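Visitor: heads up, no residue letters with this:
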């Protein structure tokens, strides 16, 4: 092609260069100029010419290719979600497509990748209809052994395209493409590992789509796969039979793709794969064993390079960890397959034995967790994706799929690994503890399955004695030298507390309490907290009561030092200690100020502030368990609205005296507060209003409200401020929390809420003004999310005052329902309609007539609209109570036999498509279609389905 640079291209090159200038003003001006130029005809073609001109500087060409990809996404297709005017002309599109294809064999890998991404972006819109020559050109490139750059570009492009292929393209493409890919994979002397790996990634993508299609076109897909299966399985076997090499990420990369392909073959075509599977079993085991040796040296011991956190030019990770995780994923698929698990049952003991070795902490984990306790807690709690977690999942599947054989394998392997760690310890090894910790980690990960197996008699040894031998062996071992082992011992005691003897439990409970206050490494305190949360509820309170003051003191000291994840753990431990009944009035003055200070410091963090408020909740209401035990099921099912469950006084009054003086000024001057403080203060106030007295209400199951004097004190300080926040705030979090808070005021104070202010009429108008703003159709749904809860409280607890406003309320509800986009808001509004139906009984016809009298655009009346939305949305309503209320309300409506019911047709069931896999383009051309049902038939269907739901609940 011509490399002449015209005047326009010179300007473009200067702009591209300027975007790389170190001067911020120069860069900003250049970026603005390019944005303006992108609106002019020919800009995409100009970028293509720069990207394709191999005589220009590499950096500018790469930048042009990247900008071209973004330009295509914005301006190529008018009906695309990301489209911005103007659209690229047909002539310019032709120029861009031609230039892109001519540049796929560029010698610069990064430019080739950028060009391939641009090609893939165009292909999403144009291929195959408007770009029929794309695939022939790509196939020609990958078969040209004289042009390896072209092979790379075509493979990179096909790899990107293969993720967007649909069910019409794949069956036509695979017979043509797979032979060429097989040639590349099977020719290591011609093609390097990178190209062979990329070819395998295309096989993986196509096989994934074939697997999806096999659900609809089983015979056709099987016929397509049968002739290709054996050649590919032979290739997979040949690649896996070579031992995993240390410090060779290219070797790991190609084996990862082989494992991914095998995974797809086994998952999607198990019947076909079974006959050919034995050819890969030997090489797979060789890969498993040899990878353990490499993993131990590179990751666990850290003596070789694990290539952690490194990626190839396409962005794929190339570490030994990512390889091992993929290996575990494939083994998990095999063990979970009813057809293939029998292949591994005979070797399950060796599989488990080697897997436990993979669970050892790596050198990187030891370093990271020693320096950062927060990361240790986060990785422990969140099961962060790692070799340890993947290996534990494999062991779980072994127990599930292999039954008693799997249980025996776990126990035997754990015993062997424990003995080996003993031998290493006796020999003076400094890392003997790693295998011990890994063994306990494996057992703790399987605690539920192992305990169930012992209860069923499937474990041939006493699990309790087996664990006690392991955890008591290291009592007295230096806690500072082996902190992670101690942490794991504490966590294991918590997991297996039900089978460990009381003497051992008592020893570790004392040890955990003592550890919290000692100067020991943070991981040990983490383990101690986990043990306390589990052991304290069942502990002998008389024996350990003297230790509690010291424990609370130690935990509050830790609150001052903790941050992020460790703070969550300490708050959870505090909550467990308080729930266990160890909080006394003497401890409240020590604990409350620290807890409230923690809340104040972290009010902008919703996760921490929620944990703090949960601790305060259990402090305010310590339920008398004896009272609960004396309440029968018939009591709970009775119709008395105020059946009380007795509560001890808790700490609500001293807490209220600390909280109200602090949050009052905040809520009364919300505009002057930092972000999050107002919303957090409203949360804290709502907790206070709900606390202490727990009572059963036939309409709301278990509800909580504070003592009236606490509610009155809160009213005097905060009520008007909460109203004003709802009326004036634009912050959605503040609106949500204020709405919930106001609902709690009404729920707790009831009619008193009108009397306390001195002017009941003004207070009622304020409550209605708040409802009016929350039901404003122009307000974003997030701000109004809890309006349903608020209005329900108005209707339930101020019925006489609300009666005269019902018609206006119903009109506002209909209008708000029409504007609501958030499912949660729509459901809460429908729940109000359901409650209004119940309240109108036995005169439900009057409520129907009210809705009929209200017009609704596009419908005969508002009753037709509400019924259409209600029956369509009913399946999205969550919660047993809400489902029961809405279903019975529909039944009440149907029981009236009102003539309007027969006139209304509503959405029925989805009409299933017979066009195979639904792609994005198909979905645009043929949106979902639904049947139409008469309203009475749909209501009966909902009612019958709800009966099945309640039958399942009872069972």
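Guide: That came through, no problem. Everything quoted here is computed from the prediction, not taken from an experiment.
Visitor: point out where this structure drops to low pLDDT.
Guide: Within the chain, the segments meeting pLDDT under 70 span 1-5, 309, 312-315, 382-384, 476, 621-650, 692-706, 912-928, 947-955.
Visitor: which residues in it form strands?
Guide: Here the chain has its strands, by DSSP state E, at 643-645, 693-697, 701-705, 905-910, 930-934.
Visitor: which residues touch the closest residue to residue 123 other than its chain neighbours?
Guide: Excluding the flanking residues, the one nearest residue 123 by C-beta to C-beta, 6 or more residues apart in numbering is residue 161, at 5.6 Å. (Each C-beta comes from the backbone N, C-alpha and C, glycine too.) Contacts were defined as C-beta atoms under 8 Å, 6 or more residues apart in numbering; by that measure residue 161 touches 119, 120, 123, 127.
Visitor: which member of those residues is positioned nearest residue 799?
Guide: Minimum distance to residue 799 across those is 62.9 Å, recorded for residue 120 (C-beta to C-beta).
Visitor: do you know how far that closest one is from residue 464?
Guide: For residue 120, the distance to residue 464 equals 59 Å [C-beta to C-beta, to the nearest Å].
Visitor: higher neighbour count, the two?
Guide: residue 120 (22 against 17; other C-beta atoms under 10 Å).
Visitor: next, the contact list for the residue lying closest to that one once chain neighbours are set aside, please.
Guide: Spatial nearest neighbour of residue 120, chain neighbours left out: residue 160 (3.7 Å); criterion: C-beta to C-beta, 6+ apart. Contact partners of residue 160, counting by C-beta under 8 Å, 6+ apart, are 116, 117, 119, 120.
Visitor: need the residues that contact stretch 186-202.
Guide: 145, 148, 151-152, 155-156, 158-159, 162, 177, 181, 184-185, 235, 238, 250-251, 253-254, 256-258, 260-261, 312, 314.
Visitor: could you tell me how many residues sit around residue 875?
Guide: Neighbours of residue 875 (other C-beta under 10 Å): 9.
Visitor: check residue 460 too.
Guide: Look at residue 460: counted by other C-beta under 10 Å, it has 11 neighbours.
Visitor: state the distance from residue 110 to residue 183.
Guide: The gap separating residue 110 from residue 183 is 27 Å, by C-beta to C-beta.
Visitor: any idea how far residue 6 is from residue 97?
Guide: With distances taken as C-beta to C-beta, residue 97 is found 21 Å from residue 6.
Visitor: what's the answer for residue 519, then?
Guide: 74 Å.
Visitor: which of the residues in stretch 753-769 are buried?
Guide: 753, 754, 756, 757, 763, 764, 766, 767, 768 (16 or more other C-beta atoms under 10 Å).
Visitor: contact partners for the first one?
Guide: It stands for residue 753. Residues in contact with residue 753 (C-beta under 8 Å, 6+ apart) are 715, 719, 745, 746, 763, 767, 798.
Visitor: what do you get for the third one?
Guide: Under the criterion of C-beta under 8 Å, 6+ apart, the contact partners of residue 756 comprise 712, 715, 716, 719, 749, 763.
Visitor: got the residue ranges for the helices in the stretch 651-800 of the chain?
Guide: Ranges of helices in the stretch 651-800 of the chain, per DSSP state H, counting those that start in this stretch, are 652-668, 677-690, 708-728, 732-749, 752-755, 760-774, 787-797, 799-803.
Visitor: from the chain's centre, how far out does the first one sit?
Guide: This means helix 652-668. Helix 652-668 sits 36 Å away from the centroid of its parent chain (C-alpha atoms, centre = their mean, to the nearest Å).
Visitor: same thing with stretch 664-673?
Guide: The answer for stretch 664-673 is 35 Å, by C-alpha atoms, centre = their mean.
Visitor: now do the same end-to-end measure for that stretch.
Guide: Start-to-end span of stretch 664-673 (C-alpha to C-alpha, to the nearest Å) is 12 Å.
Visitor: contacts for that stretch, please.
Guide: So stretch 664-673 is in contact with 677-678, 681-682, 685, 717-718, 721-722, 724-725, 729, 734, going by C-beta under 8 Å, 6+ apart.
Visitor: for that stretch, buried residues please.
Guide: By neighbour count with 16+ other C-beta under 10 Å, stretch 664-673 contains the buried residues 664, 666, 667, 670, 673.
Visitor: residue 748 versus the residue lying closest to the third one once chain neighbours are set aside, what's the distance?
Guide: Meaning residue 667. Leaving aside its sequence neighbours, residue 667 sits nearest to residue 721 (C-beta to C-beta, 6+ apart; 3.9 Å). Applying C-beta to C-beta, the value for residue 721 to residue 748 is 17 Å.
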